[in-house]
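Asker: how would this look folded up:
(3 chains)
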Amino acid sequence: MKWPVMQSPVLQWPGMKWLVAVVAAPVIFGAFVAARGVEPLSMYRDMLTSLVDPAQAETVLVRFAVLLLAGLAVAVPARAGLLNVGGEGQIVAGAVGAAGIGLLTDRHLPGGAVLALMVPAAMLAGAAWAGLAALLRIGVQVNEAISTLLLNFLAVDLMLGLIYAPWKDASGFGQPSSRPLPGTARLPLLANTTVNAGIVLALAALAAVWWALNRTAWGFRLRVVGGNPEAARRAGLRVGPLLLGAMLAGGALAGLAGLLHFAGTEFKLRPGMTTGFGYVGFLASWLALHRPLRVAAAALLLAAIAMAGDSLQIDAGLPAASVNVLMAVVLLVALGTRWKAKETAA
Amino acid sequence: MRRLLIPAAALALLAACSTNTGATPAAAEGSAPGAGSTKIGFIFVGPKDDYGYNQAAYQGSQAVAKAYPGLEVLTAENVPEDDNATRIMEGMIRKGAKIIFATSYGHKDPALKVAAAHPDVVVVQQGNIVDGTMPANFGTYFGTVYEPVYLAGIVAGKTTKTGKLGYVYAFPISQTLDNINAFELGAKSVNPQAKTYVVNTSNWCDPAKQAEAAKSLLAQGVDVISQHQDCTATVIRATEAAGAYSVGYHADASALAPKGWLTGSQWNWDPLYVKIVKTALDGRFSGSEFNANYRVGYKTGDNPFVQSPYGPAVGAETKALVDAAKARIGKDGSPFLGPVADQSGQVRIAAGTVPDYKTIEAIDYFVDGVVGKIPAS
Amino acid sequence: MSLVIDVATGAVRGGTSILFVALGETIAERAGVVNLGAEGSMLTGALAAYAVTAETGDPLLGAAAGAAAGALLALVHAVLVLSRGANQLANGLVVLFLGLGLTSLFGAAYVGRSITTFEPYAVPLLSDIPVLGPVLFDHDPLTYASYLVAPAMWWLLYRSRWGLALRAAGERPEVLRTYGRSPLLVRYLAVVAGGLLAGIGGAQLSTAYANAWFENMTAGRGFIAVSLVIFAAWHPLRAVAGAYLFGAALALSPALQARGIGLNQFVLDALPYLVTLIALVVLGRRRGNTAPESLAKVFDMTGRST
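Answerer: Numbering: from 1, shown residues only, chains lettered A, B, ... in the order given. Sure, this is the predicted structure:
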């Protein structure tokens, strides 16, 4: 299907798709909510007003930190040509790892020490979950996109199995959840805000990923493997370990996202605690063509859209999930206006 | 390694920062919590028209709006029992609400976070319990749900031909265990052969799981089914289609089961909600009866959980038994009047003992006559 | 014995919606397009079927609407992926979110609405056969329809010119082109047909099985279907076996509980995914070879084999 009009120079301007996304997405979503009898203009005013409010803006930053890590968890393996659809499961694994260490140590160690142990535990757990997929890929050629997707569901079932039985909070009146993390072991809040220190971890991870991918030999090798593995092999690169490393790094980043949500926001494992962060992170990474700094921008945008959903609930009386329409339309426009131009160029 | 070191250093720097309670830091202390509020917020875990738990709570919020036309009532549906709930409540408070109703069992933790952060806001939570010190601006409220469920159990016990009753439930929370136990105790009080078979769905509303649960029970010869789910239509329809009897929960669903509807329990929150709001608006909340784990039952007053109308299959003899039981509970206070034995036969509530609601809501076992296990215990 | 019959009956009852989605995804993937948005098509199908049934009183019209809605959402995927070059996996997830959002927005009005549902119909004579009768022949009309769709699809794929074109679109599009057929058109049709079947699966869920509409009521069944397609190695008849196997995993827990036997249900919930993963490991190489050629490229960002 050829759309000649799309070839005109104005439309080929790189910023065009963002312009389209910014204009088209709200119009389309506005039409949908209007069909539900909600006045779109006042809805958007309420949404923007809610985001400008410092308290809600802080919640955007909290969500941004999690989505940034979830996005980087996709971006790093993508550099090596690996599709990590398993951020969701690796986030859950990270949260489970953190909670496990927390439950084990929080009655014996000071809070700071518990937290200091939980960070590597979460990263290890996330890396292990991603590593399973990497080993299956390298060992028996199971495609990692499929295996990471399947591992998402297994991770959630594992968590549910734990909080229904061995880790169930005895004083939770039967509600399936783990015992809450003591206050001292939680991620502390930044001065006078509700933003937890997770954002510092996330930004540090961003800097580390950017540096590793763009300034180290490892990052260069990953790119070679991602570009043409046969050539990489002929050039003497050990492809297997590189792929494994990229996947482990991605899993560790997702695990860290799990820690942020667990030790920064939820403090308990409970059913449905990560609904969709991994998938949204996957989309953030694709939106950003897997470039670390752009992943941050995409994560911020998607976090803002998600938090604007609160206003839909409170002000417009719409179900919170309807904000997914807005997010999806933005992404559809952005995804659909990119590769075509690239293909024409190639 | 470097990736670990930088954040570790940053964390050390942050050690002096404030503790993460999961909510906005406390505002300045002011007048009595909730006093003179112009807005009031309600959050529901499900949709406000689920013909069940959430719809009943929503109707209560509309009764408040009617009683106080000057008050703006903010509502939010489908609020999950996690950080989302905290944010939505915070958002309502930012809009000026000084009274918040968190109406789902699992909203307790978020509600406590919000209450701790806003001493000037009254936060009340529906159905859960606060163990230990009650914050001055917090309270839980509920009906003694198991009382009308016990009465429905009597009807079920008199109706069943196979002696097998079924109960579909979501989570093994104490409220639900109380209901299942009361249902079985009620049935057994009139039919010593009656057993209650339980199936859980691990979800407040997953219609497909409910359908399979109901059909599994029916295939086992169960001929009366009750449930503790937020949305109730699926189980009732499946039961009616199989020609079995339904005992409702949350709402009068007799229209869905014209033949098999027996009775059920349903909410009437209107008077209680209005009373709580009035107490808060007048600045009398702290120290009031609502600044506690407030429970009303047949003995203490008007239970907000009332019996649903009878269906055509219930005869006069059964109705008389129910009336007698209701009078008995109103007098000696509990469907859990001892002796009550658990599944292993061990007596857990001694003969003649009338347990208080705290004891009842701490029950973590099935009584003798319930067939099934509490998941993974 | 009664446990076996109950679980088998439950497997058919609960597996049918998954089967429809899996058959649809099989068509799409045979043509070389993965649609992770199948869950979204299923969900929109479930709502559209429920809503139209509520408005018209006719579940058959509802099922048609469900099919149309599922197809429409899949068309969004097809346009973006086939004509705009979007990544299939990423775009599938976007379509899923779109389906979630739209059904949440427009579904609220139908929560708790009462409808005329598809009623189970015991086929005379056949339903009297011991064991097989109750297991297979006491279901709703859509379940019977699925008995016909699966073999019809097998015939279509392996015995008809259409099937040849479809498989060629997934394996060797350039060959198709030399025969003067458009692989693009074939893929469009395949993706849309896939969404159509997923929509019928959703309709079966909301108007024949659960008889209710609720936000996100598919609860991951579409994803089960997608993993099932891989498990079944893109074969429609193996998909039938797989769907009933997965249906059995869902039916076993309530059937055991109703007999007073408790077990950690999450082990059972995890079973479909675990079985698929194990199948991939054991049959890894062989499965990889049965995968449609263009599909392998989707999963492989660089087109390399390691």
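Asker: From now on I want contacts and neighbour counts done on CA atoms only, so please keep to that.
Answerer: Will do.
Asker: Looks like residue A:334 contacts residue A:19 (just checking).
Answerer: No - the pair residue A:334 and residue A:19 fails to qualify as a contact (C-alpha atoms under 8 Å) at a distance of 9.7 Å.
Asker: Of those two, which one has the most company?
Answerer: A count of neighbours by other C-alpha atoms under 10 Å in any protein chain shown puts residue A:334 above the other of residue A:334 and residue A:19, at 23 against 13.
Asker: anything in the strand or helix carrying that one near chain B?
Answerer: Using DSSP states H and E, residue A:334 sits within helix A:323-336. No - legend: contact between helix A:323-336 and chain B by C-alpha under 8 Å from any C-alpha of the partner chain is lacking; minimum distance shown is 13.0 Å.
Asker: and that helix, what other elements does it pack with?
Answerer: Packed against helix A:323-336 by the contact rule (3 or more C-alpha pairs under 8 Å, 6 or more residues apart in numbering or on different chains; DSSP states H and E) you find helix A:16-35, helix A:277-287, helix A:292-311, helix C:88-107.
Asker: hmm, try it at 7 Å
Answerer: Using 3 or more C-alpha pairs under 7 Å, 6 or more residues apart in numbering or on different chains; DSSP states H and E, the elements in contact with helix A:323-336 are helix A:16-35, helix A:292-311, helix C:88-107.
Asker: Residue 279 - how many residues pack around it?
Answerer: Unless you meant another one, I'm taking chain A. Using other C-alpha under 10 Å, residue A:279 has 24 other residues around it.
Asker: I was thinking of chain C, sorry if that wasn't clear
Answerer: By other C-alpha under 10 Å, 17 other residues sit near residue C:279.
Asker: Setting aside sequence neighbours, what's the nearest residue to it?
Answerer: residue C:231 (6.4 Å; C-alpha to C-alpha, 6 or more residues apart in numbering or on different chains).
Asker: Tell me how many other residues surround that neighbour.
Answerer: Around residue C:231 there are 24 other residues, counting by other C-alpha under 10 Å.
Asker: Please apply the same query to residue A:21.
Answerer: Residue A:21 has 19 neighbours, counted by other C-alpha under 10 Å.
Asker: sorry, back to before: is it possible to get a markdown table of the helices and strands packed on helix A:323-336 that adds distance to residue A:174?
Answerer: Below are the helices and strands packed on helix A:323-336 laid out as a markdown table (distance: least, C-alpha to C-alpha, whole Å):
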| stretch | distance to residue A:174 |
| --- | --- |
| helix A:16-35 | 39 |
| helix A:292-311 | 29 |
| helix C:88-107 | 30 |
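Asker: now, of these, which is deepest in the fold?
Answerer: Ranked by mean neighbour count, the helices and strands packed on helix A:323-336 are led by helix C:88-107 with a mean of 26 (mean count of other C-alpha atoms under 10 Å in any protein chain shown).
Asker: residue contacts, the closest residue to chain A within the stretch 151-300 of chain B?
Answerer: Using C-alpha to the nearest C-alpha, the single residue of the stretch 151-300 of chain B nearest to chain A is residue B:173, 3.9 Å away. Contacts for residue B:173 (C-alpha atoms under 7 Å, 6 or more residues apart in numbering or on different chains) come out as A:173-175.
Asker: ok so, going back, contacts for the helix holding residue A:334 next, please.
Answerer: A:17-18, A:21, A:25-26, A:29, A:287, A:302, A:305-306, A:309, C:80, C:84-86, C:94-95, C:97-98, C:100-102.
Asker: near chain A, which residues of the stretch 51-200 of chain C show up?
Answerer: Neighbours of chain A within the stretch 51-200 of chain C, by C-alpha under 7 Å from any C-alpha of the partner chain: C:80, C:83-86, C:90, C:94-95, C:97-98, C:100-102, C:104-105.
Asker: Swap in 6 Å and give it another go.
Answerer: Within reach of chain A by C-alpha under 6 Å from any C-alpha of the partner chain, the stretch 51-200 of chain C has these residues: C:80, C:83-86, C:94, C:97-98, C:101, C:104-105.
Asker: Pick the one among these closest to chain A.
Answerer: Chain A lies nearest to residue C:101 out of those, by C-alpha to the nearest C-alpha, at 4.1 Å.
Asker: Nearest residue to the closest one in space, ignoring adjacent ones along the chain?
Answerer: residue A:322 (4.1 Å).
Asker: Determine the number of other residues adjacent to that neighbour.
Answerer: Neighbours around residue A:322, by other C-alpha under 10 Å: 25.
Asker: residues contacting it?
Answerer: C:101, C:104-105 (C-alpha atoms under 6 Å, 6 or more residues apart in numbering or on different chains).
Asker: same question, residue B:43
Answerer: The contact partners of residue B:43, taken as C-alpha under 6 Å, 6+ apart, are B:75-76, B:102.
Asker: Which residues does it form beta bridges with?
Answerer: Beta-bridge partners recorded for residue B:43 (DSSP bridges): residue B:76, residue B:102.
Asker: For the chain, which residues score under the pLDDT cut-off?
Answerer: Assuming you mean chain A. Scanning chain A for pLDDT under 70 picks out the ranges A:1-17, A:338-346.
Asker: Wait, chain C was what I had in mind.
Answerer: Judged by pLDDT under 70, the stretches of chain C that qualify are C:1, C:284-290, C:296-297, C:299-306.
Asker: how about a cut-off of 50?
Answerer: Scanning chain C for pLDDT under 50 picks out C:302-306.
Asker: By residue count, which helix of it is the longest?
Answerer: The longest helix of chain C (DSSP state H) is helix C:2-30.
Asker: could you check whether stretch C:22-29 is close to chain A?
Answerer: No - Stretch C:22-29 is not in contact with chain A by C-alpha under 6 Å from any C-alpha; minimum separation 13.4 Å.
Asker: quick one, strands of the stretch 1-150 of chain B?
Answerer: Assigned by DSSP state E, counting those that start in this stretch, the strands in the stretch 1-150 of chain B fall at B:39-43, B:72-76, B:97-102, B:122-126, B:138-143.
Asker: other SSEs contacting the second one?
Answerer: Secondary structure elements in contact with strand B:72-76, counted by 3 or more C-alpha pairs under 6 Å, 6 or more residues apart in numbering or on different chains; DSSP states H and E, are strand B:39-43.
Asker: Find the nearest non-adjacent residue to the closest residue to chain B within the stretch 151-300 of chain C, please.
Answerer: Going by C-alpha to the nearest C-alpha, chain B is nearest to residue C:260 of the stretch 151-300 of chain C, at 3.8 Å. The shortest distance from residue C:260 to any non-neighbouring residue, by C-alpha to C-alpha, 6+ apart, is to residue B:372 (3.8 Å).
Asker: Then residue A:281?
Answerer: Nearest non-adjacent residue to residue A:281, counting by C-alpha to C-alpha, 6+ apart: residue A:71, 4.0 Å away.
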